[in-house]
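Chemist: predicted model and sequence follow; I will ask about them next.
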Amino acid sequence: MKMSNARRGRRRAAIPALMAATVALALAGCEQGGGGAGVGTVGGAALGAGTGRAIFGNSTSAMLIGGAVGGLAGNMTVDRQNQERQMQMQEQSRDRSMQRQLDFERQRALQQADVERQIEEERLFNEWRRSQGA
């Protein structure tokens, strides 16, 4: 079976589009700084590439532009919100840990003051007893 020229052309156009989409996703992942593309970036790029293809046919440039725009949009919305949420959770965890440490230090200082007060009272009592016996 021989392929028609139109079919061969479509297959050839699909290969650079897939390569370009992969490069766009890798660049978006590098921009994110997390070592890989997030779910929002990947989903947005796929949706954008699919939309570009649906609107403009098998145009490679439309798929690339749609993938890039969709990837950026997904990164800016979903991935950035997830990063912000994780940073807030980490900050809250640090705050709770700091509060526990402060509470511990405060309790330790109160106990130390109580022990010192008891020692001083015992010393004064012993002094009084010696003065009573002399």
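Modeler: Yep, that arrived. Residues are numbered from 1 along each chain as shown.

Chemist: where does this protein dip in pLDDT?
Modeler: 1-37, 134 (pLDDT under 70).

Chemist: show me where it has its helices.
Modeler: Here the chain has its helices, by DSSP state H, at 5-32, 39-56, 60-74, 80-133.

Chemist: winner for burial among those?
Modeler: helix 60-74 (a mean of 22; mean count of other Cβ atoms under 10 Å). From N, CA and C alone the C-beta is placed, and that goes for glycine too.

Chemist: quick one, that helix and helix 39-56 angle?
Modeler: 150 degrees (axes from the mean of the first three to the mean of the last three Cα atoms, to 10 degrees).

Chemist: centre of the chain to stretch 39-58, how far?
Modeler: Put simply, stretch 39-58 sits 25 Å off its chain's centre (Cα atoms, centre = their mean, to the nearest Å).

Chemist: my bad, stretch 80-96
Modeler: The answer for stretch 80-96 is 8 Å, by Cα atoms, centre = their mean.

Chemist: same check on stretch 38-46?
Modeler: Counting by Cα atoms, centre = their mean, stretch 38-46 is centred 16 Å from the centre of its parent chain.

Chemist: just the CA trace of that stretch, in PDB.
Modeler: This file holds the C-alpha atoms of stretch 38-46, laid out as PDB (Å, rounded to 0.1, in the frame of the first residue of the first chain):
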ATOM      1  CA  GLY A  38       4.000  21.000  36.200                       C
ATOM      2  CA  VAL A  39       0.600  19.600  35.500                       C
ATOM      3  CA  GLY A  40      -0.800  23.000  34.600                       C
ATOM      4  CA  THR A  41       2.000  23.600  32.100                       C
ATOM      5  CA  VAL A  42       1.700  20.300  30.400                       C
ATOM      6  CA  GLY A  43      -2.100  20.300  30.400                       C
ATOM      7  CA  GLY A  44      -2.200  23.900  29.100                       C
ATOM      8  CA  ALA A  45       0.400  23.200  26.400                       C
ATOM      9  CA  ALA A  46      -1.600  20.100  25.200                       C
END
